[in-house]
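> Build me a model from this:
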Amino acid sequence: MRNPVDIPRRLIVAVGGNALDANGSDDSPQGQRIIAAQTARAMLPLLLLDNQLVITHGNGPQVGKLLLANAIARERVTPQSLDILVAQTQGATAYILSQAFENALREAGSPRHVVGLVTQVEVDPHDPAFGNPTKPVGPFFTEREARALADELGVSVREDSGRGWRYVVPSPYPMHICDISLVEALMCLRTVVIAGGGGGIPVVRDEQGRRHGVEAVIDKDLTTAAMANVLGIRDMMILTAVPRVAIDFGKPSQQELSRVSLSQMRRYQAEGQFPAGSMGPKVQAAIHFLEGGGRRAIITSLESAVPALRGETGTHIVADADLEEAVPADRRNAAGVA
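This is a model prediction of the structure:
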């Protein structure tokens, strides 16, 4: 990546919760470290760039397992509130990832430091999400298993995009990233900053300015977009399980998207192309990011991160004017550019 055009001065990267907990894998401490090391090796070219880098991560698998453990052990161990469980997963994930990233950097001869910040994120206490749990977390169950757990433990469950049944919890919109100035200060020192993990610890502020935790899990991609806009980061990358976003997914007419305008992405979203349980939140976050002043949102797989940053793969969502400039006039109609 010698061409400086390919290297954003500031970059934010969102990594899914499976960076430590791939489905069906060994989720023991050693298993988590193995997956984290694999994530670190895949991201090493990004970590070695001479830029200001922020990394966020999901916590869906982890926080769902803690919810299950709390429910099962409730007669012996006092259950913890969901905000505390988010804080636990945020700290543990940042610890394991930062250690794996620094180990990979040292093996490559780089002295770059990595730090994890426990991050609170304010939400609106009147957000309608509190009355409509929709965010899937934790392991997958059959419908029979899920309904039995719901009856036994009093939790909410829902089918998740054809993949099985999971817990669902409230997921309010992120309003304010607390202590964002600390993230920026560390960025300016070229320290890799892991922040906003699991979407951030959900809190509300009262009339006296005091913060209180609430029962929710914020979408990490929406928090990533909010952080990027506040920090003036113009390039955002969301790493997921596939190298590109597709429309008509699973149909004979399925089509992968490479470079697409913001307005076209809004149209696809309005058509219901992106399910809420899978690609929907990522597309929504990309739209929010661009509407807030971002230049380019990239959605791709972990393994494709560096080629996607070069523009060789991934789905690149850009402002309409930027896409129009990149497409010759005689090809704009074919590309769907007005």
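> How about residues contacting stretch 301-317?
Stretch 301-317 has contacts (C-beta atoms under 8 Å, 6 or more residues apart in numbering) with 1, 6-8, 11, 13, 15, 19, 39, 42-43, 45-46, 237, 239-245, 256-262, 265, 283, 286-287, 290, 296-300. The way it works is simple: take the backbone N, C-alpha and C, and place the C-beta from them, glycine included.
> Would you list the buried entries among those residues?
Neighbour-count burial (16 or more other C-beta atoms under 10 Å) applied to these gives 7-8, 11, 13, 15, 19, 39, 42-43, 46, 237, 239-240, 242-245, 257, 259-262, 265, 283, 286-287, 290, 296-300.
> Just these: which are in strands?
Residues of the buried ones among the contacts of stretch 301-317 located in strands (DSSP state E): 11, 13, 15, 237, 239-240, 259-261, 296-300.
> mind checking the end-to-end distance for stretch 272-287?
Using C-alpha to C-alpha, to the nearest Å, the end-to-end distance of stretch 272-287 comes to 15 Å.
> Ok, stretch 124-143 next?
End-to-end distance of stretch 124-143 (C-alpha to C-alpha): 32 Å.
> list the buried ones in that stretch?
Of the residues in stretch 124-143, Asp127, Ala129, Phe130, Pro133, Lys135, Pro136, Val137, Gly138, Pro139, Phe140, Phe141 count as buried by neighbour count, 16+ other C-beta under 10 Å.
> ditto for stretch 171-188
Applying 16+ other C-beta under 10 Å to stretch 171-188 flags Ser171, Pro172, Tyr173, Pro174, Ile177, Cys178, Ile180, Val183, Glu184, Leu186, Met187 as buried.
> and what of stretch 74-90?
Buried residues in stretch 74-90, counted by 16+ other C-beta under 10 Å: Pro79, Leu82, Asp83, Leu85, Val86, Ala87, Gln88, Thr89, Gln90.
> Could you double-check that Met227 sits in contact with Ala195?
Yes. At 7.1 Å, Met227 counts as touching Ala195 under the criterion of C-beta atoms under 8 Å.
> overlap in contacts of those two?
Both Met227 and Ala195 are in contact with Val54, Thr56, Val183, where contact means C-beta under 8 Å, 6+ apart.
> now those as JSON lines including distance to Ser278?
Below are the shared contacts of Met227 and Ala195 laid out as JSON lines (distance: C-beta to C-beta, whole Å):
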{"residue": "Val54", "distance to Ser278": "24"}
{"residue": "Thr56", "distance to Ser278": "18"}
{"residue": "Val183", "distance to Ser278": "28"}
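> in this structure, what secondary structure element scores lowest on mean pLDDT?
One helix or strand of the chain scores below all others by mean pLDDT, DSSP states H and E: helix 332-335, with a mean of 41.
> So which residues of the stretch 1-150 of the chain form helices?
Here the stretch 1-150 of the chain has its helices, by DSSP state H, counting those that start in this stretch, at 29-47, 60-72, 82-107, 143-153.
> Tabulate those helices in a markdown table, adding columns for distance to Pro307.
Shown next, in a markdown table, are those (distance: least, C-beta to C-beta, whole Å):
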| stretch | distance to Pro307 |
| --- | --- |
| helix 29-47 | 10 |
| helix 60-72 | 26 |
| helix 82-107 | 19 |
| helix 143-153 | 38 |
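> Which one, of these, ends up nearest to Arg210?
Closest of those to Arg210 is helix 82-107, at 14.4 Å (criterion: C-beta to C-beta).
> average pLDDT across the closest one?
Per-residue pLDDT over helix 82-107 has a mean of 96.
> hang on, Ser261 packs against Ala319?
Yes. Ser261 is in contact with Ala319 according to C-beta under 8 Å; the separation is 7.2 Å.
> I'd like the distance from Gly213 to Arg33, if you could.
Between Gly213 and Arg33 the computed distance is 29 Å (C-beta to C-beta, to the nearest Å).
> Likewise for Phe101?
12 Å.
> quick one: which of the two has more around it?
Taking neighbours as other C-beta atoms under 10 Å, Phe101 and Arg33 compare with Phe101 leading, 25 against 15.
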